[in-house]
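> dropping a prediction and its sequence here:
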Amino acid sequence: MGVVNVTPDSFSDGGQFLDPDAAVAHGLALLRDGADVLDIGGEATNPRARPISAEDELRRVIPVVERLAAAGATLSIDTTKATVARAAVAAGARYINDVSGGLFDPAMASTASELGVTYIAGHLRGRSLAEVFAAEQPVSWQEVADELVARLDALSAEARARAWVDPGIGFGKGADGVGNSLLLRHAGDIARRVGRPIMVGPSRKRFVRIPLGEAATLTEVDRASTEAAMVAVRAGANMVRTHNVALLSTALTAYNKL
């Protein structure tokens with residue numbers, strides 16, 4: 001899954017793809033690099049990001065979704081808002097990637113159940129990003145799995161049968177290298193405990209960046225992110241969300257041939 005951030009304040013590429021033309025061009029480049037799914041997001045979810053309205057989010061993402069869908073891309077909408085999810089699916093998205101697992105918007109579970117697309121329930125604790133990042137602490141993989149089961153229980157039986165889960169690397173877990181790494185190493189265990197496929201997204205997260213030091217280049221961060229992603233793949237992850245698709249695609253090609 002390749003990342004297309006149509007935002008001014010994402011932690012690694014904020015502002016680079018805010019213009020729809022730039023976002024579409026980036027999405028097409030990620031497809032050429034090997035992305036199977038493009039994740040289109042219009043609201044940043046890092047500790048310094050400010051919440052935006054559904055109207056602003058829609059203005060950012062819908063033109064990009066429409067154009068990439070017309071180009072034949074398989075698309076995911078990265079949103080915590082049911083209204084944005086509904087409009088993006090109407091515009092061509094086939095996945096809803098909700099980092100809150102339905103906690104930020106009570107209407108998300110019923111909306112995902114109604115729309116008939118794949119819902120990816122992310123793990124975090126709190127009803128807003130401010131709450132999530134104000135109470136950061138390590139969480140065991142067993143706790144993550146059990147809480148994801150509770151998120152999926154809010155869906156209809158049909159939607160639950162289509163759903164995926166995401167352990168929420170870094171979301172409320174802080175920059176703790178050990179805790180986040182254990183979630184990667186137990187990706188397959190989480191999937192088996194929940195009974196659904198799992199997507200993992202360690203790309204450019206704080207726990208990857210901090211050990212490299214402040215002087216680390218983006219290339220170095222992406223290499224470390226790819227190593228983290230491969231830990232999850234070896235543990236049983238079904239999909240990995242990444243900014244640098246080309247690097248991860250090369251690693252996966254080599255892994256699958258060894």
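Now that the structure is in, tell me what you want to look at.
> quick one: the helix or strand of the chain with the lowest mean pLDDT to chain centroid distance?
In the chain, the helix or strand scored least confidently by mean pLDDT, DSSP states H and E is helix 129-134, which has a mean of 89. Offset of helix 129-134 from its chain centre (C-alpha atoms, centre = their mean, to the nearest Å): 17 Å.
> in that helix, which of the residues would be classed as buried?
By neighbour count on 16 or more other C-beta atoms under 10 Å, the buried set for helix 129-134 is 129, 132-133. No exception for glycine: its C-beta is placed from N, CA and C like everyone else's.
> how far off centre is whatever helix or strand comes next after that helix?
Where DSSP states H and E defines the elements, the next helix or strand beyond helix 129-134 is helix 141-152. Helix 141-152 sits 17 Å away from the centroid of its parent chain (C-alpha atoms, centre = their mean).
> C-alpha coordinates for helix 141-152, PDB please?
Taking C-alpha atoms only, helix 141-152 is exported to PDB below (Å, rounded to 0.1, in the frame of the first residue of the first chain):
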ATOM      1  CA  TRP A 141       0.200  -7.400  21.100                       C
ATOM      2  CA  GLN A 142      -2.500  -9.400  23.000                       C
ATOM      3  CA  GLU A 143      -4.200  -6.300  24.200                       C
ATOM      4  CA  VAL A 144      -4.100  -4.800  20.700                       C
ATOM      5  CA  ALA A 145      -5.600  -8.000  19.300                       C
ATOM      6  CA  ASP A 146      -8.400  -8.100  21.900                       C
ATOM      7  CA  GLU A 147      -9.300  -4.400  21.400                       C
ATOM      8  CA  LEU A 148      -9.300  -4.900  17.700                       C
ATOM      9  CA  VAL A 149     -11.800  -7.700  18.100                       C
ATOM     10  CA  ALA A 150     -14.000  -5.200  20.000                       C
ATOM     11  CA  ARG A 151     -13.700  -2.700  17.100                       C
ATOM     12  CA  LEU A 152     -14.800  -5.400  14.600                       C
END
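> if anything else comes up later, I'll come back, but that's it for now.
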